[in-house]
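Asker: Next comes the sequence, and after it the predicted model I'd like to discuss.
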Amino acid sequence: MFLSLITIFAQKYSTMTKQEQYEELLPQVVAMIEGESNAVSVMANVTAALHDAFGWWWTGFYTVNGDRLELGPFQGPVACYRIKRGRGVCGTAWDRDETVIVPDVEQFPGHIACSSLSRSEIVVPVHNSDGEVIAVLDIDSKELNTFDETDKTYLEKLVKDISKSLNW
Ligand code: SME
């Protein structure tokens, strides 16, 4: 089962629409994390699966600790360790408790440039069963305008599935 998942993730889905890619990938990701209880391991494999399938520049989690986000499992270049609530795209998504789509990071006041090659970004809050934000999923692209409502819809569903699976 696991080997066939890896084979499927290795494909770049070049002929499929983004919606078709999500429809194919997400059930496999949910199957992959089922029964796993180590949150770091789950977040690590989720970022690997997404990053490999979509070819994004940076894909990772930041987790809430007090008034800050702290760097969690990710794929891509090294990144900032800590982000204050309300700062940058990640801290804004946490503070507003909503997904933030940034078509051009240069137009987002206070954007934190962990990598100068990042051009667009999406940040999706992750909630626990009490509805509190406990992490964010942050994805960066080297192209402008990469993320839209399709990404928002599927990534919000994915983080809900992860929270449920981990009993967060
Ligand atoms: N750009 C983010 C910082 C994290 S990195 O993109 C990995 C922000 O503005 O919050």
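Answerer: Received, thanks. Residues are numbered from 1 along each chain as shown.
Asker: So the residue lying closest to Phe108 once chain neighbours are set aside versus the ligand, what's the distance?
Answerer: Nearest non-adjacent residue to Phe108, counting by Cβ to Cβ, 6 or more residues apart in numbering: Val102, 4.7 Å away. Every residue, glycine included, has its C-beta placed from N, CA and C. Computed as Cβ to the nearest ligand atom, to the nearest Å, the Val102 to the ligand distance reads 8 Å.
Asker: Show me what Val102 is bridged to.
Answerer: Taking DSSP bridges as the rule, Val102 bridges to Glu121.
Asker: That one against Arg119, yeah?
Answerer: No. The pair Val102 / Arg119 is not scored as a contact, 9.3 Å apart, by Cβ atoms under 8 Å.
Asker: higher neighbour count, the two?
Answerer: More neighbours surround Val102 than the other of Val102 and Arg119, with 24 against 19 (other Cβ atoms under 10 Å).
Asker: Count the neighbours of whichever residue of the chain sits closest to the ligand for me.
Answerer: Nearest residue of the chain to the ligand (Cβ to the nearest ligand atom) works out as Gly88 at 2.6 Å. A count of nearby residues for Gly88, using other Cβ under 10 Å, gives 25.
Asker: got it, and Val89?
Answerer: For Val89, using other Cβ under 10 Å, the count is 23.
Asker: Which pLDDT value goes with it?
Answerer: For Val89, the pLDDT comes out at 98.
Asker: Quick check: closest non-adjacent residue to the residue nearest the centre of the chain.
Answerer: Central residue of the chain (Cα atoms, centre = their mean): Leu137, 3.2 Å from the mean position. Closest residue to Leu137 apart from its sequence neighbours, by Cβ to Cβ, 6+ apart: Val124 at 4.5 Å.
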